[in-house]
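Visitor: following is a predicted model, sequence given first.
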Amino acid sequence: MNAPTICIVGGGMVGCALAALLGRDQRYPGAVVLLEAGDPPALKDDYDLRVVALATTSQRVLEAAGAWREIAATRISPYREMQVWDAASKPGFPGSVHFSAAEVGAAALGHIVENQLVRHALWRSLAGMERVSVRSNCRVDDLRLGDGTALLSLADGEVVDCTLVVAADGASSPIREMAEIETTGWSYRQKAVVTHVQSQLPHRETAWQRFLPSGPLAFLPLADGRSSVVWSNTVGGADRLLGLSDKEFLGELEAASDGTLGRMLACGQRAAFPLRLLHARNYCRQRLVLIGDAAHAIHPLAGQGVNLGFLDAAALHETLVKALQAGEDPGDRLVLRRYERWRKGDNLAMLAAMDGIKRLFSNDLPSLARIRGLGLSLVNALPPARKAFVRRAMGMSGDLPELLTGPAHPGYGLREEVR
Ligand SMILES: Cc1cc2nc3c(=O)[nH]c(=O)nc-3n(C[C@H](O)[C@H](O)[C@H](O)COP(=O)(O)OP(=O)(O)OC[C@H]3O[C@@H](n4cnc5c(N)ncnc54)[C@H](O)[C@@H]3O)c2cc1C
């Protein structure tokens, strides 16, 4: 077949990562077109409000995408430990669990990075790639999927044809809607309030998470000593927190964190994001495939959303390259079904696990409180269980793409690093 053209709709972290993986891979002979409705990412002097906890697997994907060096040289914080505890307990007491990277022979459990920094670094990596064209302020308004080609209509009237459309356009995915792919899921009727805070006590490169009946409260370490707060709450509760003065907000945050990081001294701007669970019934059609939040959106309590998305990007990259090497059409549904079968099980398992944890912890029934306390204490007391959780949090379970495990990309193997 002729050299393919793959159009990726959505220049978020996941769409950019796939574009870069394809653009850097000599085995992919075709063109890549990345279409993003918004502006190119801009890096501000101060930390952006949105940050993500990137697992080791995501770091490897970003290395392969040519973006990690810039990310690591800018402002990121490793988190080497994780402390999780129930509202009725305290760190270090029954009803709490402590995870450590050292326990699995790794330097860090992951890194806290601003979303915009990840996008910025990927965007810069893409700028140097001959076979990739990146178009910002370019909204896709319509989609027609044929047997042999796909047509995308842009807001300015232009029509782009391609071999395959990749929908990386986020949880509200207009492309998924246009293709009439149904989703299952529900709103948590919660919002996550996010801000950056300066606390009296140092964060000690630890991710702290306290489960409150109203939702989990997390403190993620930033490189300048502050912590990024993700505070899940009822919609009314979140809106109320947004309306408080800084002083009132800091007082409530200090109480909600049980003073674990001492007094809360200062906070930055605050914003809230609605939380929902969403899963696409199908990840593909003839000439169309979904990745990242377009395929699945998850509660942020264990910081897994974009980590799953990067695994989607790496798995799809591998599927497409192998299909092309075998002389197959990368837009054929049978090829795309291989990617769907590969990723759906892992994504669904993670969605279900996070949903279960969210339900178990977000209530104040005394019987469930006892089960929670016992469960956390048990995991804490059993090193194999703790290690299994750590491996899962680092993305080291399930059927991983060769990029992360195999000899095809020396230097990206994880096996020797995580024992
Ligand atoms: C409070 C909060 C905390 C989180 N913390 C973590 C964490 O710690 N770790 C983690 O792994 N995940 C976390 N997540 C989840 C993570 O942010 C998402 O999984 C991730 O941003 C999804 O990336 P994406 O590229 O798939 O989609 P998006 O980031 O939504 O990008 C989609 C892109 O598509 C573009 N687009 C949309 N429609 C069109 C169109 N018609 N034409 C062209 N372009 C279009 C949009 O402009 C956008 O740039 C968190 C989420 C929340 C809400």
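Guide: Perfect, thanks for sending it.

Visitor: now do the helices in the chain.
Guide: Taking DSSP state H as the test, the helices found in the chain are 13-24, 56-64, 68-73, 115-127, 174-178, 235-243, 246-256, 305-325, 333-361, 366-381, 383-393, 402-405.

Visitor: of those helices, flag the one that's most buried.
Guide: For those, the largest average neighbour count (mean count of other Cβ atoms under 10 Å) is found in helix 13-24, namely a mean of 28. Heads up, the C-betas are built off the backbone N, CA and C, glycines and all.

Visitor: and it, what does it pack onto?
Guide: On a contact count with 3 or more Cβ pairs under 8 Å, 6 or more residues apart in numbering; DSSP states H and E, helix 13-24 meets strand 5-9, strand 31-35, helix 56-64, helix 115-127, strand 132-135, helix 305-325.

Visitor: how about a cut-off of 6 Å?
Guide: Judged by 3 or more Cβ pairs under 6 Å, 6 or more residues apart in numbering; DSSP states H and E, helix 13-24 is in contact with strand 5-9, strand 31-35, helix 115-127, helix 305-325.

Visitor: any chance of these in CSV, with distance to the ligand and mean pLDDT too?
Guide: Output for the helices and strands packed on helix 13-24, formatted as CSV (distance: least, Cβ to the nearest ligand atom, whole Å; pLDDT from 0 to 100):
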stretch, distance to the ligand, mean pLDDT
strand 5-9, 5, 98
strand 31-35, 5, 98
helix 115-127, 6, 97
helix 305-325, 3, 96
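
Visitor: circling back: which one of the helices of the chain lies closest to residue 97?
Guide: For residue 97, the closest of the helices of the chain is helix 366-381, at 4.2 Å, according to Cβ to Cβ.

Visitor: quick check: mean pLDDT of the closest one?
Guide: Per-residue pLDDT values over helix 366-381 give a mean of 65.

Visitor: repeat for stretch 279-298
Guide: 97.

Visitor: biggest strand in this structure by residues?
Guide: Secondary structure assigned by DSSP state E gives strand 183-199 as the longest strand of the chain.

Visitor: what are the buried residues along that strand?
Guide: Neighbour counts over strand 183-199 (16 or more other Cβ atoms under 10 Å) mark 183, 185, 188, 190-199 as buried.

Visitor: turn the residues you listed into CSV, columns for pLDDT and distance to the ligand.
Guide: What follows is these, written out as CSV (pLDDT from 0 to 100; distance: Cβ to the nearest ligand atom, whole Å):
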residue, pLDDT, distance to the ligand
183, 96, 14
185, 89, 14
188, 83, 11
190, 92, 10
191, 96, 9
192, 96, 4
193, 97, 9
194, 98, 5
195, 98, 11
196, 98, 13
197, 98, 15
198, 98, 20
199, 98, 19
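
Visitor: now for the residues you listed, which pair is the farthest apart?
Guide: Among the buried residues of strand 183-199, the pair separated by the greatest distance (Cβ to Cβ) is 183 and 198, at 39.6 Å.

Visitor: tally of neighbours for residue 205?
Guide: In terms of burial, residue 205 registers 16 neighbours under the definition other Cβ atoms under 10 Å.

Visitor: that one contacts residue 80, correct?
Guide: Yes - with contact defined as Cβ atoms under 6 Å, residue 205 counts as touching residue 80 (4.9 Å).

Visitor: burial check on the residue of the stretch 1-150 of the chain found nearest the ligand, number of neighbours?
Guide: Distances between the stretch 1-150 of the chain and the ligand by Cβ to the nearest ligand atom are smallest at residue 12, namely 2.3 Å. Applying other Cβ under 10 Å, we find 22 residues neighbouring residue 12.

Visitor: quick check: residues of the stretch 151-300 of the chain near the ligand?
Guide: 168, 169, 170, 174, 192, 194, 230, 273, 292, 293, 300 (Cβ under 6 Å from any ligand atom).

Visitor: stretch 70-81 and the ligand, any residue contact?
Guide: No - between stretch 70-81 and the ligand, judged by Cβ under 6 Å from any ligand atom, nothing touches; the nearest distance is 10.3 Å.

Visitor: ends of that stretch, what's the gap?
Guide: Stretch 70-81 has an end-to-end distance of 24 Å (criterion: Cα to Cα, to the nearest Å).
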